[in-house]
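Chemist: Pasted the sequence and its predicted model underneath.
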Amino acid sequence: MIRKHRLVLSAAAVALAAVPATLVVQDRLDAAERDSLERAAQRIFQRDADLSTASWRSHPAPAGRDWGGAAAEARVDQVEKRGERAKVWVQQLTTPYTTTPTGTKPEATVPYVSSHLFVFERTGDDWRLAEDLTRPDQPE
């Protein structure tokens, strides 16, 4: 009887020791997946910021300056995952740059921030935008 108790206690100790390790591994997997979703959103934002029809280009550049490029960032706020699909609430931060008319001395201008709701689908090791659920009447 004592042997059974020792065996049960040692099995319980091993199981309890494994739980934190499992949680750490799961946290790392969740963080890696979140980073992957953030990179996917950032690619979308950067592609849009690089377009000649980007919304920030419709505003006049400061006097003596021309519009240059823009740097876009994505910050994931929340992820709701269902199977191979993920609904992602993400913030877009885009910083346009101006240059001199000769294309030198780049300077950052006031960045703009907007909120988006995307649905991504898993494609191998990466994510593909399946749906943009951002409301068109939502302020940017």
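Modeler: Nice, thanks for sending it over.

Chemist: Compute the distance between the closest residue to Thr100 other than its chain neighbours and Asp48, please.
Modeler: Distances taken as CB to CB, 6 or more residues apart in numbering place Arg65 nearest to Thr100, at 6.8 Å, with adjacent residues excluded. Using the backbone N, CA and C atoms, a C-beta is placed for each residue, glycine as well. Per CB to CB, to the nearest Å, Arg65 is found 22 Å from Asp48.

Chemist: do Tyr97 as well
Modeler: Tyr97 is 16 Å from Asp48, by CB to CB.

Chemist: next one: phi and psi at Trp56?
Modeler: phi -70, psi -20 (degrees, to the nearest 10).

Chemist: confidence score at it?
Modeler: Listed pLDDT for Trp56 reads 85.

Chemist: sorry, back to before: pretty sure the residue nearest to Thr100 contacts Thr99?
Modeler: Yes: in this structure, Arg65 is within contact of Thr99 by CB atoms under 8 Å, at 6.8 Å.

Chemist: Give the intersection of the neighbour lists for the two.
Modeler: Common neighbours of Arg65 and Thr99 are listed as Glu107 (criterion: CB atoms under 8 Å, 6 or more residues apart in numbering).

Chemist: Scan this protein for its longest strand.
Modeler: strand 66-82 (DSSP state E).

Chemist: Measure how the helix or strand just after that one sits relative to strand 66-82, angle-wise.
Modeler: Moving toward the C-terminus from strand 66-82, the first helix or strand encountered (DSSP states H and E) is strand 85-99. Interaxial angle, strand 85-99 versus strand 66-82 (axes from the mean of the first three to the mean of the last three CA atoms, to 10 degrees): 170 degrees.

Chemist: Please point out which parts of strand 85-99 sit buried.
Modeler: Ala86, Lys87, Val88, Trp89, Val90, Gln92, Thr94, Thr95, Pro96, Thr98, Thr99 (16 or more other CB atoms under 10 Å).

Chemist: so how far is Ala108 from the residue lying closest to Ala41 once chain neighbours are set aside?
Modeler: With sequence-adjacent residues excluded and distances taken as CB to CB, 6+ apart, Ala41 is closest to Ala74, at 3.8 Å. The gap separating Ala74 from Ala108 is 18 Å, by CB to CB.
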